[in-house]
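Coordinates only, no sequence provided:
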C-alpha cells in the first residue's frame, strides 16, 4: 500500500470516529425518534414521513423522527436493544405489535397511555373496543391503537366465474370454502405447477391466521386475559388445526408444507391461488396490483364468525421527560384523530381505529366506491383479541413450532398442540400468582 | 484426448451451475416482476427496480457507512497489527509465546460469537448505534498479526541492523524496512479484511439501530423482510446493488487477488 | 573490572528498554483483545452461572441450572444435531469441491478465466444478498429451481418449507458460497508445486490419478488443514442466511446454534441461557480445532 493511500485512509478513519454519526441534533424543537415497522406492501415509509412533516408544520416545537426498523419483530428487538443499551438514539416512541404489551411491560420501559392522557377517558374510549382489548393489562391501557387489522378472505372473481361459481359470493362457511377450493384447484398434470384453490400462509407467524380458524371453531381466546395461561390444546383448537391441515394433506386444495406469507399476494396476482387469507392491511396493495376483479369477505364461519385483531399500537417509553411526554401525546392524538386515521386507512387498508374515523366524509366516499374496504370493519363485531402472554415471543414461538410441525406432517395436530401447551405452561408458571 | 475433453466439459458445467443463481438475479433485477419468472428473451429491460430499491431505503447512506466502516477497520487493523507483529517477530520479552498463543484464540472465538457481552461493553462505552462500534471489536486482528509476524520473521535481520546503525528507532525500522517488504501480504490481508467486513451482518445488526449508522448488509435485510409483499425483482436489484462494489473490484483485480494469495505464501 | 562495569548497566538498560518497547507495541492489540475477546469470553462463562436479570428480579447465582435446562431442552438437542449435520454436509462438500475447482482451473483448459470468476464470485457477495437470491431460487412454483425441475419433468417441491429439506437447502447455499473461497487457497498451493515433481512422476509412468493421490494431495496437506479449520469455524459462526431463508424453521429443523443464541439473547431476552449456549459453542469449536490439529496436522507434509 502506498504511503499516500495509507495517510488518506487514516484521515478518513479519524474523521469517521469524530463524526457524530447516529447522534441526534440539539435544536429548539423537541425531538421524538419513533421506531416503526412496515408489515404490508406499499410506500409506508413515505406516508410516515409525510405525517411527521405535516405534524411538524402544525406544531413547530415538536419534531417526530420516524425510523424504519424492518418487521414487527425486528422493531421490538431494536427498540428493546436500544432502550437497554442506553445511548442517544434510543427511541422515545415506537409502533409495535399490540400483543407485545407484556414484553415491553416486563422490561419496565413503558409509560401507560392512561397516564399520558391523564385520565381523559373520553378520548381513549373513542377507539373500537376490539382494538383496545389487546392494549389493556393490569387495569390500565398501555398503548394506543394505530395500524390495526384483521385477516380477511380475498377471492379472484374471474377465477370463480371460470370455475362456474358465483363471482359475487364469498364462501360463507368452512364447508363452502373447502368445496369452492376443490372446484378451483387445477392440477395441470401430476408433476407440474398446480393452481390452488386457497392459500392460508403459515410462514413466520402462522398463529395469527390460524387463530381465525380457532375462534370460528369456538375457542374465542388462545390465552387468558392476564397473559398467564394458554388454551393451546382445547378440543376446539385441535379441531381447527385438523381442518387447516386437512385442506392441504387430505383434500389437496392448498399447498402442503409451509406457505410463505410474503409471496402469497404475488401468488394470488399470478393466479396460482384463487383465494387467499391475509391481512386487510394488504388491501391497497392488492387493489393496485391484482389484474382481475377481486372480492373481499369475512373469514368463513363454522360455529361462529370470528377473526383475531392484529397490527400495531403506538407505545411511549419512559426515557422521556414530562415535556416530551406531552409532545408525544399531542402527536398520538393528532395521528389517530378521525381525519388522519381515515387517511391512513385509505392509503394502506388498515382498519381505521375509531367509529368517528369511519364517519368522516372522506372515508364514507371511499367505502361507497370501494366497498371491500369496509369488510374488516364489519368483521370487528366478531373479532377477538390476538394471542398475547408474558414472554410473548417465546410462547408464540412454541405455538408456531407446533403449527408448523402439524402442517408439515411431522406430528398429528393433537400431539403437537399438547406439547405446545405443556411447554407454554412451563414458561408461564412463574407469572402466576 | 478424451480425458481432457471430459475435464473441460466438467469445468464448464460446474462453472455454469455456479454462476446460475447470479445470472438469475441479474435477469430478475432488469425485468419487471411479471417477466422475471419467465425467460422470454424479448421481454423489455427496465431500470425501474433499481430506482425503486434506491428510493425505498437510504442506500446512499448505507454505502457511505459501509465504506467508512470498512476503511476505518482496515487502517486500524494494519496499524495495530503491524505494531504487534513486529514486537512478536523481533523482540524477546517475558511471556511472549504465551501472549501470542492467547491472541491466536481469537482465530477461534470471534467477536461475532460473543455478541451479548460485546454488546454490553459497547453500551457501557456509550457507542451503541455509532459506526465506530461496528468495527471496534475487530481492530485487533489475530489473523493479521499471525500473517504479519510470519512475514516479518522472514525478513533478513541484516536489513534491520543496517537501519539501526543509522540511528533508526523501532517505528522507523518498521515503516522503512519491514512494511515495504511485507507489501504483498498487506494487500492480501487487506482484501480479505475488506470483503469480510463489507459482508459482516450479525454484529452490525445487533449494535446499530438507525439508518444513521446502518451498513449495507443490515440495510438489505431490513429492506427485504418478508412481512412486506416481496417483489423479487426489486429485492434482486437491491441485493445486486449491495454487492456491486465488491463484485466490480474483484472482477477488475482478479489477477492481483489470486497472485497476492500466492505470494503471501499461505502454506 | 572497570572495563566491564560501565558495559553491564548499559546492556541492562537496553534490555529493559527493549521490554518496554515491545510491550508498548503490543499494548493496543492486547487491550482490544482483552476487551473484545478475553473479557467477554470470561464474562459469558460467568453469566452462564447466573439467572437472567428481569425487571422485577435481579440476577442471582444458579450454578449449573442453565446447563441442566439445556440438557432437557429438546430444541437445544435439535439445534445441536442440526449444526453437526450442517457441518458434516457443508465442510466435506466445500473442501472437495474447492479442490476439484482448483484442479480444473489449474489444468489449463480454455475458459478457465471465466470459470475461476464463476467459482469465486459467490464469495464476494454478502451472505445476506446471496440468501435473498437463493430465496427467490427456492420459491415453490415459479422459483428457478422448480422451473428447471418442471422443464425436466420432475415435480416441484417446497424446499424451504419442508422439514426434511430445509436444512439441506441452507447447506447448499453455504457450499455455493464457500467453495470458491477455498479454491483460491488450493490454487495458490497447486501453483507452488514444482512442475519437476509432476514431470518426474509422469516419467516413471504414473497415471494422472496416481500422481494426484501420491504426489499432489500430500503436498496440499497444510492447505487442507487451513481450509478445514476455516470451514469448521464457518459452519458454527455463519448464520446470516437463516435470517432470510427459514428463520430456523419449520419447527426448528433448520435452526443452528448461533441463531438459537441470537433468538434467546435478543428475542426472548433470556441472556443467562444465551450465555450458557455460547459456552457450549466455544467448547465445540475448541474441541474441533484441537481434533483437527492432532489428527490432520500429523498427516500433513511440510516442504
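Alright, I've got the coordinates. If you're wondering where the values come from, they're calculated on a predicted model, not measured in any experiment.

do stretch B:191-200 and chain C meet at all?
Yes: Stretch B:191-200 reaches chain C (Cβ under 8 Å from any Cβ of the partner chain) through B:195, B:198-199. All C-beta atoms are positioned from the backbone trio N, CA, C, and that covers glycine.

and the gap between the closest residue to residue C:234 other than its chain neighbours and residue C:228?
In space, and not counting its chain neighbours, residue C:234 is closest to residue C:178: 6.5 Å by Cβ to Cβ, 6 or more residues apart in numbering or on different chains. Residue C:178 sits 12 Å away from residue C:228 when distances are taken as Cβ to Cβ, to the nearest Å.

Neighbour count for these two, which is higher?
Neighbours were counted for residue C:178 and for residue C:228 using other Cβ atoms under 10 Å in any protein chain shown; residue C:178 has more, 25 against 21.

what's near enough to touch that one?
Contact analysis of residue C:178 by Cβ atoms under 8 Å, 6 or more residues apart in numbering or on different chains lists C:90, C:94, C:98, C:123, C:231, C:234.

Determine the three-state secondary structure at it.
helix (DSSP: H, G, I helix; E, B strand; the rest coil).

Equivalent analysis for residue A:95, please.
Per three-state DSSP, residue A:95 ends up strand.

Surely it touches residue A:44?
No: between residue A:95 and residue A:44 there is no contact under Cβ atoms under 8 Å: 10.2 Å.

does the residue nearest to residue C:235 when sequence neighbours are not counted count as helix, strand or coil?
The shortest distance from residue C:235 to any non-neighbouring residue, by Cβ to Cβ, 6+ apart, is to residue C:87 (4.0 Å). Here residue C:87 is recorded as helix under three-state DSSP.

ok now do the residue lying closest to residue A:95 once chain neighbours are set aside, which residues does it touch?
Distances taken as Cβ to Cβ, 6+ apart put residue A:36 closest to residue A:95, at 4.0 Å, once the chain neighbours are dropped. Going by Cβ under 8 Å, 6+ apart, residue A:36 touches A:48, A:66-69, A:75, A:94-95, A:312.

More neighbours: which of residue A:95 and residue A:44?
Counted by other Cβ under 10 Å, residue A:95 and residue A:44 do not tie: residue A:95 has more neighbours, with 26 against 22.

On the pLDDT front, check the more buried one for me.
According to the per-residue confidence, residue A:95 scores 95 in pLDDT.

Report the beta-bridge partners for it.
residue A:314 (DSSP bridges).

How about the contacts made by it?
Neighbours of residue A:95 in contact, by Cβ under 8 Å, 6+ apart: A:34-37, A:75, A:146-147, A:312-315.

With residue A:287 instead?
Counting by Cβ under 8 Å, 6+ apart, residue A:287 has contacts A:349, A:370, A:372.

So which of the residues you listed wins on neighbours?
residue A:349 (26 neighbours).

I'd say that one and residue A:288 touch.
No: using Cβ under 8 Å, residue A:349 is not in contact with residue A:288, being 10.4 Å away.

For burial, what's the neighbour tally of residue C:277?
The number of residues packed near residue C:277 is 29, by other Cβ under 10 Å.

re the thing from before, next, count neighbours for the residue nearest to residue C:235.
20.

Poorly predicted segments of the chain, please.
Using chain A here. Low-confidence segments of chain A (pLDDT under 70): A:1-27, A:39-42, A:86-89, A:189-193, A:433.

not quite, I wanted chain C
C:1-16, C:55-56, C:296-303.

Which helix or which strand is home to the residue in it that chain A sits nearest to?
Among all residues of chain C, residue C:161 sits closest to chain A, at 3.2 Å; criterion: Cβ to the nearest Cβ. Following DSSP states H and E, one finds residue C:161 outside all helices and strands.

Not counting sequence-adjacent ones, nearest residue to it?
Spatially, and ignoring its direct neighbours in sequence, residue C:161 is nearest to residue A:258 (3.2 Å; Cβ to Cβ, 6+ apart).

same deal with residue B:61?
Nearest to residue B:61 is residue B:211, by Cβ to Cβ, 6+ apart, at 5.8 Å.

tell me the contacts of that neighbour?
A:67-68, B:57-58, B:61-62, B:219.

How about residue A:49?
Counted by Cβ under 8 Å, 6+ apart, residue A:49 has contacts residue A:66.

separation between it and residue A:316?
20 Å.

now do residue B:65
Residue B:65 sits 29 Å away from residue A:316, taking Cβ to Cβ as the criterion.

same deal with residue C:60?
32 Å.

ditto for residue C:87
The gap separating residue C:87 from residue A:316 is 46 Å, by Cβ to Cβ.

Please enumerate the strands of the stretch 101-250 of chain B.
Taking DSSP state E, counting those that start in this stretch as the criterion, the stretch 101-250 of chain B contains no strands.

So what's the residue count around residue C:156?
Residues near residue C:156, counting by other Cβ under 10 Å: 21.
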